[in-house]
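[1] Sequence below, structure please.
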Amino acid sequence: MDIAVVELSRLQFALTALYHFLFVPLTLGLSFLLVIMESIYVMTGREIWKITTRFWAKLFGINFVLGVATGLTMEFEFGMNWSYYSHYVGDIFGAPLAIEGLMAFFLEATFVGLMFFGWDKLSPRAHLLTTFLVALGSNLSALWILVANGWMQNPAGAAFNPATMRMEVTSFYEVLFNPVAQAKFVHTVSAGYVTGSVFVLGVSAWFLLKGKWVALAKRSMTVAAAFGLLSSLSVVVLGDESGYTLTDNQRMKLAALEAMWHTEPAPAGISIFGIPSLSGRDTRYEVKIPYVLGLIATRSLTGQVTGIYELVAKAETRIQSGIIAYDAVQTLKRAPADLPARAQFELHKHDLGHALLLKRFVADPRAANAGQIEQAAWSTVPNVPVMFWVFRVMAGLGFFLIGFFLLAFYFSTIRRFDVRWFLWTAVLIIPLPWIAIEFGWILSEIGRQPWVVAGELPTFLGASSLTVAQLWTTIIGFTLLYGVLAVIEVRLMLSAIGHGPEQPKGAEDGDVTAGGYAPLPAE
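    Numbers count the residues shown, from 1 in each chain. So this is what the prediction gives:
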């Protein structure tokens, strides 16, 4: 396989996935904020809450449509750009995606129409139910997609079948309740709730600064501050749980994001600063907080966090074992009834994927020499400097947002909606949750390299037989298309925000309850 084709295929999927993920978190966050706001309307019967819900639902709808449009592209990329991957693991990976389409997306798409057009045709309680089902569908979509992605990170409940030369499901229960998938799901949806809350706070702050639709802005800010505070705290707690799952299932990713080259005495310290070097295979100018990493990763004072050098040595052992499994598979292809080959395969089958790493350096893994085995073992180390800094930016933004929501909750509680420096901060930090989420995706996907399915199928073997020219054509085409869609999204969003909420019949321009004008006092 031409490595340029592999890298360009990775680039194309990364660009489309990162762009699509601009819409997903806001969909997740706004969906449950709509449920909260409409629940208050149903309980109180106050018209202002209906106006508020309908306004944010309009922004949700714009974002939802663009999210669906950009997500469809990725479904086709699996077959067009990653055909061998789809063939090799399609029995497992395809099932969650099919369930997502049949269960979650159909649920979401069906009720989103009722949510938008059913305000005057459904009772308040029935309409609230449709809004809840839209939110449920959004979160179920995230669940099944992250089950599929979590399986790529930790391929539980599946095994390679030498008779079909593919991986097959052995336990769908293990696929569904994969600890990595579950940790990724709760962490990702919580990050989406934070994104929705920051967006609502920022837009509400803008209204307050301009003295527009003050009643709506104050109520929206109060809801978003409380929901955002709970969500931001849960992101950190659930992120800690994700770190704990890495200890058992993705040790190389954990060692890489901490730039831990050698195993340290337990409990290991966590680096808050350092300059990792791939060429020197060390980290200079490290500043560490003692014990913290050991406590996060092992939940104990005695558990060890394994270093990169030790994990590479283990990978060498697994590659050597995998060569035996590879040899057995070649024998079984010629003679399926060969019992000694079958026994040999069963003994070493869990290491077969590691032998496939050698195909980047030699056509037949069985012909690999010691130097090539060492090269393959070191190829299991992801880009440590990128992992190290991406994680720290993501975590730093997470803790910053907790502090921001604490302030927002405090000002909302004491009914201070005129603190201009805070309102400007709320507007200016709107992009921060998106940056944190995109960095989290980069951390997750780069941390899995060199595997497309961890420990089972190397990335360079999963790509389709395309040409560099074909890939550049589609990359440029998608970039132009998505650029146009980005302009459309921003213009529609700004237009909807500028237009503000719909005025009820008979309302006057100065009616604050209906969304009129009431400038803030100068400070």
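
[2] Could you point out which residue ranges in the stretch 401-523 of the chain have low pLDDT?
    Within the stretch 401-523 of the chain, the segments meeting pLDDT under 70 span 503-523.

[3] which stretches of it form helices?
    Per DSSP state H, counting those that start in this stretch, the stretch 401-523 of the chain carries helices over the ranges 420-428, 432-448, 459-462, 468-499.

[4] go on, the stretch 1-150 of the chain?
    Going by DSSP H, counting those that start in this stretch, the stretch 1-150 of the chain shows helices at 3-20, 24-44, 47-80, 83-99, 106-117, 124-153.

[5] I'd like to know which of these is closest to residue 304.
    Closest to residue 304 of the helices of the stretch 1-150 of the chain is helix 124-153 (C-beta to C-beta; 21.8 Å). C-betas here are computed from N, CA, C, even on glycine.

[6] For that closest one, enumerate the helices and strands it packs against.
    helix 24-44, helix 83-99, helix 106-117, helix 172-176, helix 179-210, helix 432-448, strand 451-453 (3 or more C-beta pairs under 8 Å, 6 or more residues apart in numbering; DSSP states H and E).

[7] ok, residues contacting the fourth one?
    Residues from elsewhere that reach helix 172-176 (C-beta atoms under 8 Å, 6 or more residues apart in numbering): 92, 95, 96, 147, 151, 156, 157, 158, 169, 181.

[8] Now do the same for the fourth one: its pLDDT.
    According to the predicted model, the pLDDT of residue 147 comes to 91.

[9] That one against residue 97, yeah?
    No - the pair residue 147 and residue 97 fails to qualify as a contact (C-beta atoms under 8 Å) at a distance of 9.2 Å.

[10] any idea which residue sits dead centre in the chain?
    Centroid check for the chain by C-alpha atoms, centre = their mean gives residue 441 as the closest residue, at 4.9 Å.

[11] show me what contacts that residue?
    17, 18, 21.

[12] re the thing from before, comparing residue 147 and residue 97, which residue is more hemmed in?
    residue 147 (24 against 17; other C-beta atoms under 10 Å).

[13] Quick check: that one vs residue 25, distance?
    18 Å (C-beta to C-beta, to the nearest Å).

[14] what do you get for residue 254?
    For residue 254 relative to residue 25 (C-beta to C-beta), the value is 24 Å.

[15] Neighbour count for those two, which is higher?
    residue 25 (27 against 24).

[16] Quick check, that one in contact with residue 187.
    No - in this structure, residue 25 is not within contact of residue 187 by C-beta under 8 Å, at 11.7 Å.

[17] how does this structure divide into domains?
    Following automatic domain parsing, one finds the domains of the chain at 3-248+389-498, 264-298, 308-378.

[18] one step back: with residue 164 as the reference, name the closest of the helices of the stretch 1-150 of the chain.
    helix 83-99 (9.0 Å).

[19] Now do the buried residues in that closest one.
    By neighbour count on 16 or more other C-beta atoms under 10 Å, the buried set for helix 83-99 is 83, 85, 86, 88, 89, 90, 92, 93, 95, 96, 97, 99.

[20] Check stretch 386-395 too.
    386, 387, 388, 389, 390, 391, 392, 394, 395.

[21] Which of these fall in helices?
    386, 387, 388, 389, 390, 391, 392, 394, 395 (DSSP state H).

[22] I figured the third one was touching residue 254, is that so?
    What it means is residue 388. No - counting by C-beta under 8 Å, residue 388 stays clear of residue 254, with 11.7 Å between them.

[23] shaky segments in the stretch 1-150 of the chain?
    For the stretch 1-150 of the chain, the ranges with pLDDT under 70 are 1.

[24] quick revisit: so which of the helices of the stretch 1-150 of the chain is nearest residue 194?
    The nearest among these, by C-beta to C-beta, is helix 24-44 at 6.9 Å.

[25] So what touches stretch 273-293?
    For stretch 273-293, contacts defined as C-beta under 8 Å, 6+ apart pick out 258-261, 267-272, 301, 305, 308-309, 381, 383-385, 388.

[26] Now list the buried members of these.
    Applying 16+ other C-beta under 10 Å to the contacts of stretch 273-293 flags 258-261, 267-271, 305, 308-309, 381, 384, 388 as buried.

[27] Excluding sequence neighbours, find me the nearest residue to residue 443.
    Sequence neighbours aside, residue 390 is the residue nearest to residue 443 in space, at 4.9 Å (criterion: C-beta to C-beta, 6 or more residues apart in numbering).

[28] again but with residue 197, I slipped
    If the residues on either side of it in the chain are set aside, residue 197 comes closest to residue 228, at 2.9 Å by C-beta to C-beta, 6+ apart.

[29] what about that neighbour, which helix or strand?
    For residue 228, the host element (DSSP states H and E) is helix 214-249.

[30] Show me what the mean pLDDT comes to for that helix.
    Computed over helix 214-249, the mean pLDDT rounds to 84.

[31] for that helix, packing partners?
    Against helix 214-249 (3+ C-beta pairs under 8 Å, 6+ apart) you get helix 24-44, helix 47-80, helix 179-210, helix 251-257, helix 292-298, helix 384-413.

[32] can I get those in a markdown table with distance to residue 501?
    A markdown table is the format used below for these (distance: least, C-beta to C-beta, whole Å):
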| stretch | distance to residue 501 |
| --- | --- |
| helix 24-44 | 12 |
| helix 47-80 | 4 |
| helix 179-210 | 10 |
| helix 251-257 | 44 |
| helix 292-298 | 44 |
| helix 384-413 | 20 |
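
[33] ok so, going back, so which of the contacts of helix 172-176 is the closest to residue 47?
    residue 147 (41.5 Å).

[34] ok, so what distance separates that closest one from residue 67?
    Counting by C-beta to C-beta - residue 147 and residue 67 are separated by 19 Å.

[35] before we move on, what about residue 53?
    20 Å.

[36] cool, and residue 59?
    12 Å.

[37] likewise residue 140?
    From residue 140 to residue 67 the distance is 15 Å (C-beta to C-beta).

[38] Between those two, tell me which one has more neighbours.
    Just comparing residue 140 and residue 67: by other C-beta under 10 Å the higher neighbour count belongs to residue 67, 21 against 17.

[39] Run through the residues that contact that one.
    Applying C-beta under 8 Å, 6+ apart, the residues near residue 67 are 20, 23, 24, 27.
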